[in-house]
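just need the structure, nothing else, for what follows:
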Amino acid sequence: MENIGTIRLETKRLNLRLLTPEDAQQMFDHWANDGKVTKYLNWKPYQTVKDVRNNLSEYQKNYIDVDYFFWGIEEKVSQQLIGTISASVADKTAKVAEVGYCIGQNWWCKGYTSEALEEVIAYLLEKNDFKRIEAIHDTDNTPSGKVMEKAGMSYEGTLRQRLVNNRGLVDGVYYAILKKDYISQKAQHQIYSFLNEANISYQLLEHKAVYTINEIDFDIPGISVKNLFLQGKDDFYLLILTEDKRAILKTIAQEVGERHLSFASEQKLSQLLHTTQGAVSPLGLLFDKEQKVQLIIDEQIPVRGKISFHPNRNDKTLIFDFKDFLTFLTKVNHPPKYINN
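Have a look, this model is predicted:
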C-alpha cells in the first residue's frame, strides 16, 4: 500500500477539506491571529491576512505530494472554517505519522477536535501506508491529551525538555496508536453493534487491562476459559479450554487432522480475528467471513450456565448464557467442533 495524501474527509459534524488562499480571512479571524490558540504551538500568531494567504498559497502547492496531509476543519452547519489538522511522515521506514491540530476558541470544548482526529487516524491507518500514529503535547496543555485519548490514542510517556513551542523549551507528553490496536478498537464497536442487532443478550464488565488469565483478580460469573489461536499447515484454529487445562497440541492436531499445530502469529491474529495478543476471543469470528478459522471447544466446558469473552479488547469482558453464545456462532456461520483434549 502507498500513501495517497490529502483527500476530502467527512464526519457527522465536520468536513475535512483542502485549504485554498481564499480561506485566508476565515483562518486569520477564527484562530491564526489568536495568541491563546497558538500558545502551545511552534508558530507565532499571524499579523496580517496577507501573510496567511501567502502561506496558504504555498500549502496548496504541496497537495500533489502523496506524503502531505493537511486539512481545514469546517463546521457543516455554519460552513465556517474553524481550525486545521495535519499529519507528517515521522519515519518512512517504520511507517510512522505524527499528527497535530489547532482550533479556534469559539469551538473549544465541543468535541470537534477529537472528532476530526479520530477520522484522520482512521484514514491514515486504513487508506495509507502507516502502522503507527503518534502525537505530542505540552505538559501544561492537558486538554490536548484528553483529545488524543478520546480519539483512541494511548499515553506512552513524558520526555523532559523535549518540545519547543511559544512557551519555550517544555516537557512533551507522547500519545500513540498502532494499527493493530486501532483494528481491535474498531472491532469492539462492530461486535457490540452485531450483538445488539441480532438481539443476543450479554452483560458488559469493564475492568483493568489483563493479558493472561492469571492476571484476573476480580470476579467474573460462570466458567473461566482461555482462548488459544493456533495454526496448522494451511488452516487456523481457535481453541477454547477451561482456565486450568493445558493444551496438548499433539492430541489436538490429531483431532483436527493436522500433523502439527503451533501458535499463529500476531499478524494473522489481527488479519483474521481483528484482535491482539491478550484479547483473543471467539467474538472475533465475526470478521472471519471466509471461514478460515475452525472453532474448537473442549467438551468438558459446561454447555449450561455463563461463559465470558473479551470483545477484542482486554479491558472489557462480555458475559453470555452459553445458549446465547451458541446463537452468536450460528449467526456468524462458525459451528464448533468439540474435542476431548
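
residue 241 and residue 118, how far apart?
For residue 241, the distance to residue 118 equals 37 Å [CB to CB, to the nearest Å]. In short, each C-beta sits where N, CA and C put it, glycine included.

equivalent analysis for residue 251, please.
When CB to CB is applied, the distance between residue 251 and residue 118 equals 46 Å.

show me where the stretch 151-300 of the chain has its strands.
With DSSP state E, counting those that start in this stretch applied, the stretch 151-300 of the chain shows strands at 154-165, 168-178, 203-206, 225-231, 236-242, 262-263, 293-298, listed in chain order.

returning to what we had before: between residue 251 and residue 118, which one's more packed in?
residue 118 (17 against 12; other CB atoms under 10 Å).

backbone dihedrals for that one, please?
With angles defined as degrees, to the nearest 10, residue 118 shows backbone torsions of phi -60, psi -40.

what about residue 197, neighbour count?
9.

what pLDDT does residue 247 get?
According to the per-residue confidence, residue 247 scores 83 in pLDDT.

how far out from the middle of the chain is stretch 304-317?
Its chain's C-alpha centre lies 19 Å from the corresponding centre of stretch 304-317 when counted by CA atoms, centre = their mean, to the nearest Å.

repeat that for stretch 283-300.
Using CA atoms, centre = their mean, the distance between the centre of stretch 283-300 and that of its chain works out at 23 Å.

then stretch 324-336?
26 Å.

now the end-to-end length of stretch 91-111.
Its first and final residues considered, stretch 91-111 spans 29 Å by CA to CA, to the nearest Å.

correct me, but residue 182 touches residue 153?
No. Between residue 182 and residue 153 there is no contact, the gap being 9.5 Å when judged by CB atoms under 8 Å.

more neighbours: those two, which one.
Comparing residue 182 with residue 153 by neighbour count (other CB under 10 Å), the higher total belongs to residue 153, at 25 against 22.

and that one, what is it in contact with?
121, 133, 134, 135, 175, 176, 177 (CB atoms under 8 Å, 6 or more residues apart in numbering).

does the fifth one touch residue 144 like I think?
Right, residue 175. No. Assessed by CB under 8 Å, residue 175 is found out of contact with residue 144, at 9.0 Å.

what do the two both touch?
In the contact map built from CB under 8 Å, 6+ apart, the residues linked to both residue 175 and residue 144 are residue 137.

shared neighbours of residue 182 and residue 153, anything?
Common neighbours of residue 182 and residue 153 (CB under 8 Å, 6+ apart) are residue 121.

residue 83: which of the contacts of residue 153 is nearest?
When the contacts of residue 153 are ranked by distance to residue 83 (CB to CB), residue 135 comes first, at 15.1 Å.

what residues are up against that closest one?
If you count contacts by CB under 8 Å, 6+ apart, residue 135 has them with 98, 99, 100, 148, 153, 174, 175, 176.

pLDDT wise, what is the fifth one at?
If I follow you right, that is residue 153. Predicted confidence (pLDDT) for residue 153: 97.

what mean pLDDT does stretch 263-280 get?
Averaged across stretch 263-280, pLDDT comes to 93.

spatially central residue for this protein, please.
residue 182 (2.0 Å; CA atoms, centre = their mean).

and that residue, how far is that from residue 125?
Using CB to CB, which is the criterion applied here, residue 182 is 5 Å from residue 125.

quick one: contacts of the helix ranked longest in the chain?
Longest helix in the chain by number of residues, with DSSP state H as the criterion: helix 179-197. For helix 179-197, the external contacting residues (CB under 8 Å, 6+ apart) are 121-122, 125, 130-132, 152, 154, 202, 266, 270, 274-276, 279, 283-284, 286-287, 311-313, 316, 318, 328, 331.

again, only this time at 7 Å
Counting by CB atoms under 7 Å, 6 or more residues apart in numbering, helix 179-197 makes contact with 121, 125, 130-131, 152, 202, 270, 274-276, 279, 283-284, 286-287, 311-313, all of which sit outside it.

show me the residues you listed that map onto helices.
Secondary structure assignment (DSSP H) places 121, 125, 270 from the contacts of helix 179-197 within helices.

reformat those as CSV; add distance to residue 51.
CSV is the format used below for these (distance: CB to CB, whole Å):
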residue, distance to residue 51
121, 31
125, 34
270, 46
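
quick check: closest non-adjacent residue to residue 263.
By the measure of CB to CB, 6 or more residues apart in numbering, the closest residue to residue 263 outside its immediate chain neighbours is residue 230, 6.2 Å from it.

and the one you found, how many neighbours does it have?
Using other CB under 10 Å, residue 230 has 22 other residues around it.

per-residue confidence for residue 302?
Looking at residue 302, its pLDDT stands at 86.

over to residue 74?
Residue-level confidence at residue 74 comes out at 98, pLDDT.

Validate this expectation: it resides in a strand.
Yes. When the secondary structure is assigned by DSSP: H, G, I helix; E, B strand; the rest coil, residue 74 falls within a strand.

what does stretch 206-218 rub up against?
Contact with stretch 206-218 is made by 224, 226, 243, 278, 314, 315, 316, 317, as judged by CB under 7 Å, 6+ apart.

how many neighbours does the second one have?
By the measure other CB under 10 Å, the count of residues near residue 226 is 17.
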